[in-house]
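Undergrad: sequence unknown, structure follows:
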């Protein structure tokens, strides 16, 4: 089993910068023909601890008041009639799009062409949803795992603000999920690294 050790994190933490750096897990894979759609991965994994703050766009009707209380971006369905440049900007600016379930079809037709190429997704919520802050908390622990064109996966597992124990828990959840997925598809993990934003990676496998 691949193991992230406290010693690895301690060594990486020696590379101090004047901003909060991100720890990334980098995995190289072999044995999968990514020209075949069934071998590609577009997945979401919920980790144990918050990774970072997220920019979220709520697209709602019944939940406008509650969504506004979150201090995140809020759009009504009637406000989605925008130009191509505006759609691209919106898709690039926000990490997640939380959409009232009854609006999913309409929003998909309008935003799908901008969100899809960026490997972002729409998260449906019922019009009766009561706890939108909890939705945000869940998304702050959620990572996107994509294996589409290159046999490489690079994902964030947390910032320097997390403790070593929290980072190791996030690492284990992410790695085990990916390893199981790759194995089920008949692929092999060749190498695995842990890295911090501004330093050389440490090889784990």
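TA: Happy to help now that I have it. Owing to the predicted nature of the structure, the values given are computational and were not obtained by experimental measurement.
Undergrad: what residue ranges in this structure score low on pLDDT?
TA: Scanning the chain for pLDDT under 70 picks out nothing.
Undergrad: show me the contacts for the residue nearest the centre of it.
TA: Nearest residue to the geometric centre of the chain (C-alpha atoms, centre = their mean): residue 143, 2.6 Å. The contact partners of residue 143, by C-beta atoms under 8 Å, 6 or more residues apart in numbering, come to 44-45, 47, 51, 155-157, 174. Just so you know, the C-beta spots here come from the backbone N, C-alpha and C atoms, and that holds for glycine as well.
Undergrad: so how far is stretch 101-121 off the chain centroid?
TA: Stretch 101-121 sits 16 Å away from the centroid of its parent chain (C-alpha atoms, centre = their mean, to the nearest Å).
Undergrad: buried ones in that stretch?
TA: Applying a neighbour-count criterion of 16 or more other C-beta atoms under 10 Å, one finds 103, 107, 110-111, 114-115, 120 buried in stretch 101-121.
Undergrad: element containing residue 27, please.
TA: Taking DSSP states H and E as the definition, residue 27 sits inside strand 22-30.
Undergrad: remind me, longest helix of this protein?
TA: In the chain, taking DSSP state H as the definition, the longest helix is helix 164-184.
Undergrad: now the element after it, going C-ward?
TA: Immediately after helix 164-184, counting by DSSP H and E, sits strand 188-196.
Undergrad: which residue sits farthest out from the middle of the chain?
TA: residue 78 (27.8 Å).
Undergrad: now secondary structure too, for the buried residues of stretch 101-121, in a markdown table please.
TA: Shown next, in a markdown table, are the buried residues of stretch 101-121 (DSSP: H, G, I helix; E, B strand; the rest coil):
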| residue | secondary structure |
| --- | --- |
| 103 | helix |
| 107 | helix |
| 110 | helix |
| 111 | helix |
| 114 | helix |
| 115 | helix |
| 120 | coil |
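Undergrad: save the contacts of residue 143 as JSON lines, and put in neighbour count too.
TA: Output for the contacts of residue 143, formatted as JSON lines (neighbours: other C-beta atoms under 10 Å):
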{"residue": "44", "neighbour count": "12"}
{"residue": "45", "neighbour count": "17"}
{"residue": "47", "neighbour count": "23"}
{"residue": "51", "neighbour count": "21"}
{"residue": "155", "neighbour count": "21"}
{"residue": "156", "neighbour count": "17"}
{"residue": "157", "neighbour count": "26"}
{"residue": "174", "neighbour count": "24"}
